[in-house]
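# Can you look at this prediction? I've put the sequence above it.
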Amino acid sequence: MEWRPASPPRPAPCVGISGVAAGGVLVTRHVAQRLEGERRAAETGRPCSSANLRAWRWGSTTACERALRFQVGEKIQGFTVGQVTSVPELCLTAVKLSHDGTGARYLHLAREDRNNLFSVQFRTTPVDSSGVPHVLEHTVLCGSRKYPCRDPFFKMLNRSLSTFMNAFTGLPEPPVRVPGCSLLPVLAGTGLLADNERIFSQHLQSRLLPDHTYAVVSGGDPLCIPDLTWEQLRQFHATHYHPSNARFFTYGDFPLEQHLKQIHEEALSKFEKIEPRTAVPAQRPWPEPREFQITCARDSLAAGSSEQTTVSVSFLLPDITNTFEAFTLSLLSSLLISGPNSPFYKALVESGLGTDFSPDAGYNGCTREAYFSVGLQGIAEKDIQTVRDLVDRTLDDVILQGFEEDRIEALLHKVEIQMKHQSASFGLALASGAVTPLQHVASCWNHGGDPVECLKLGSQVARFRQRLEENPKFLQEKLKQYFKDNRHKLILSMKPDDQYAEKQAQVEAEKLKQKVDSLSPEDKQRIYEKGLELQTQQSRPQDASCLPALKVSDIEPRIPVTELDVVLAGGETPVQLCAQPTNGLVYFRALSSLNTLPEELRPYVPLFCAVLTKLGCGVLGYREQAQQVELKTGGMAAAPCVLPDDSHLDTYEQGVLFSSFCLDRNLPDMMHLWSEIFNNPRFEEEEHFRVLVRMAAQELSNGVPDAGHVYASVRAGRTLAPAGDLQETFEGMDQVRLMQRVADMADVRPVLRKLPRIKKHLLSCDHLRCSVNATPQQMSRAGTAVDTFVRSLGRSQKERKPLRPHVVEKPALGGSSPVMRRLVMEPTFTPCQVKTHFLLPFPVSYVAECVRTAPYSHPDHASLKVLARLMTAKFLHTEIREKGGAYGGGAKLSYGGMFTLYSYRDPRSTETLQSFVKAVDWARSGRFTQQDIDEAKLSVFSAVDSPVAPSDRGLDHFLYGLSDEMKQKHREQLFAVHREALVDVSTRYLGPGRSTHGLALLGPDNARTAKDPSWIVR
């Protein structure tokens, strides 16, 4: 499938069983059971039975406390408890179990978080590039004996309030056949291999780890996928998708025993234990370094058409199950490449030889043996040896000189911040790989390591500090051991080939011809009949009544109230205060209006934002500034934003959002940094500015294959509302092209001179509003710090007039709120239809069609939102993914009222536009049931009610002016959506000749758009 907290967490108790101090203590069987039994017997006068223990456990007040009551060796619903560990730094308790009958492993992390998670992972270790684990992943999602309907996972998205449901194939980490399942999405997914970054990363891994499963493409090579047979698929399923090869992971505050009972009775009890033999063997070390060169397509979006070579130097590192060594090497990697003060940034990125670090640079802890890679992309082919020499020389210098103490402290400060920051999807982050970028929890467990050790970051940091204190050259010795003296070293280079796509197409054509020539007439007829059968099965309505489903009546009717206060800083600047359980962190945001900025400067606002916090400020050069940001904050950022109005399509707010967060003790330092950035930014660092421009342009170019549908959607909506053109300028293909041109400039000074001009209109307290999220105890201090910041800012001598004549003021929180939004209104705007095709060297397309409909507060918005989910689940998924072979597609409605139909990694293009037309006809005809409507509502509410982290609560008030009353009214409108309303809005807004449409296509040449004069081909 494709990739698409309520109450405050309390710290885990610092006292374990029997009052023994437990800061990470392992509760052992002979101590825990005996002492607990004695204590309970003393209290009650009778022995402590299992039933008594369970009742007593659920009398505990928090999830962590309940989990600490489990005893090592205790038998629960077919499982045996193996370990119970408190992890106070992450406010959780870990419980490890094993299934008695199959040996399945189970890890439960108890935490005060209602966003619970369930995951099961299978270690899949293919030995060829047929993509068998990827194909199997898609196939098992096509139904089962208990749920004999096509794509139950997708259908469950609309039958539950789950905030995430997916399956995915990664590195070697983690059926009853149902007719009507297409593997075309697997082939569309391999369109990823057209991405030059992924081509490089795949070859890097396969060349560095060539002995076993990492040498092949686990997701599948398009040339090898057709060789996969049904019997191979069945055999792989039997040996890999088995409980004995499974790792179950659950997280949250739910009752563990009930879930263990269901897993045992409905699944595991039906299997017998096997020996899966799926372990990845150790890679044999090389006696000498190796070197390879590969080719790729030329990137038409990248700056410097003649400088598109990539080279990297990579080193094999120890097994990731050595937790402390992995932690140390991940820190060492960050010291080597992170930020402008790192040795490799200075030596490589600032050398002017390339545009950015090579793909996959840094520490990679997903494979059994980790590896480190560093290099440059965007270089001339003649500079390959120069880059190699720079890598070797830099390592020698660092081994000799070591690292500055402040840089090490800044990195450990980052770890402390990461431990305290509360994400709304903390459990999902753990299941998919990492609690922080430093610790690859799932991978470690998958290869036989202890995942609980990965979570104990506090003890890892303490041990790291102790090693440094005992041996000041600790890190230098690691560098020498794993880098300087390491013979398992790979030099990989990649250069563009103008004929790359043609050569790939020729090889695929030859493969196809070979396959077809090997078929007899009977074989061809059988395949043709199977194709017709598949088409029939895909068009046949599915009976999903076998699947469980919630009811709309199960949804909470009212939203939780978010308490907000507003104060004035500096006498005039409104500050929104939102008291939340932020775990000792303070989150600051400020929004500054762009209304007075001249039109010719608008395209450069994203670049201004990208470099503002990286060029230095006040007495700090860019290196000193970066050091202070790392030492005192969790990051400082600026981003342009276009905020549509809730009630008028032709009205919007434009501005720049500044955001940062820090530990409570560092709040004055963080706000002082903002004062210096606003008052005294340094725009004279021309060489570093050039470096930042090249990196930004490279990042935009590399991001297009992953977000092509987003770029297509932005472009399609460009001429439908006034905000659309500005969104295209800030975040569309126009911005990608602009950054490419700036990066190619021999003299960037004309662009650099624009930055102080933007600063004059933006970095003052004119038309500024701020917000703070912090604990109630921190709020007074935070308010004082923000007041000091605002008073330090300048104010214009005279009022600058907005360049747009129609500007309206609107209270951000309704009523008499002092938080005023200054919105641009264009009453004479006339939408028009434009169709644009961006020619890009991809084997797949990204298609979007936008329709101008109704904004958030309009009564029709709720019906259109439900309609988008209805069309996605009941029509577009079948047409675009199952029949068309795209990796994804659907419909969505934006806050500003843009109704978008889109496809992602689509082997078709203009044919998909016809599917969009059919989808509208289907909706207008009302060919859906009340059950379909209810499922669409469930899906909408799962997004509306998705958990919000404490750091982000109140943000929709601050940015969009959405009050709780407005959201409650919209909620009631969603509940009230009915069949007639859905047919009505689909006819009035989406029907032919009703609303203005915009179309956009990103992808390869297309004969239809080339011949059709209504299309603009770029």
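Perfect, I can see it now.
# Number of residues surrounding G571?
For G571, the tally of surrounding residues (other Cβ atoms under 10 Å) stands at 9. Quick note: C-beta positions are derived from backbone N, CA and C, even for glycine.
# cool, and P88?
The number of residues packed near P88 is 17, by other Cβ under 10 Å.
# if I look at it, how far off is P581?
P88 sits 16 Å away from P581, going by Cβ to Cβ, to the nearest Å.
# likewise L752?
Taking Cβ to Cβ, one finds L752 at 44 Å from P581.
# again, but for E409
Using Cβ to Cβ, E409 is found at 27 Å from P581.
# neighbour count winner among these two?
Using other Cβ under 10 Å as the criterion, E409 and P581 rank with P581 on top: 17 against 14.
# Then the more buried one would be within a helix, right?
No - P581: not assigned to a helix; according to DSSP: H, G, I helix; E, B strand; the rest coil it is coil.
# Cross-check the contact I'm expecting between it and T775.
Yes - between P581 and T775 a contact is recorded at 6.4 Å, counting by Cβ atoms under 8 Å.
# Where does pLDDT dip in the stretch 51-200 of the chain?
51-60, 169-194 (pLDDT under 70).
# redo that, cut-off 50
The stretch 51-200 of the chain contains residues with pLDDT under 50 at 51-58, 171-183, 188-192.
# now the strands for it?
Counting by DSSP state E, counting those that start in this stretch, the stretch 51-200 of the chain has strands at residues 75-76, 79-87, 92-99, 105-110, 117-122.
# Tabulate those (CSV), appending mean neighbour count and distance to V619.
Shown next, in CSV, are those (neighbours: other Cβ atoms under 10 Å; distance: least, Cβ to Cβ, whole Å):
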stretch, mean neighbour count, distance to V619
strand 75-76, 15, 62
strand 79-87, 22, 42
strand 92-99, 24, 43
strand 105-110, 25, 46
strand 117-122, 19, 47
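# Distance to F789 added to the ones you listed, as a markdown table?
Shown next, in a markdown table, are the strands of the stretch 51-200 of the chain (distance: least, Cβ to Cβ, whole Å):
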| stretch | distance to F789 |
| --- | --- |
| strand 75-76 | 54 |
| strand 79-87 | 36 |
| strand 92-99 | 35 |
| strand 105-110 | 38 |
| strand 117-122 | 38 |
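# Pull up the gap between D360 and Q654, please.
37 Å.
# from what I can see S333 touches F357, true?
No - using Cβ under 8 Å, S333 makes no contact with F357, being 11.7 Å away.
# Helices of the stretch 801-950 of the chain, start to end?
Assigned by DSSP state H, counting those that start in this stretch, the helices in the stretch 801-950 of the chain fall at 859-871, 910-925, 930-944.
# Deepest-packed of the ones you listed, please.
Sort the helices of the stretch 801-950 of the chain by mean neighbour count, taking mean count of other Cβ atoms under 10 Å, and helix 859-871 sits at the top with a mean of 24.
# List the contacts of it.
158, 853-855, 890-893, 897, 899, 901, 919, 922-923, 928, 932-933, 936-937, 939-940, 970, 973-974, 976-977, 981-982, 984-986, 988-989 (Cβ atoms under 8 Å, 6 or more residues apart in numbering).
# Quick check on the residues you listed: which are buried?
158, 853-855, 890-893, 897, 899, 901, 919, 922-923, 928, 932-933, 936-937, 939-940, 970, 973-974, 977, 981-982, 984-986, 989 (16 or more other Cβ atoms under 10 Å).
# Tell me the secondary structure of Q727, please.
Applying three-state DSSP: Q727 is helix.
# Now the phi/psi pair for L793, please.
With angles defined as degrees, to the nearest 10, L793 sits at phi -80, psi 150.
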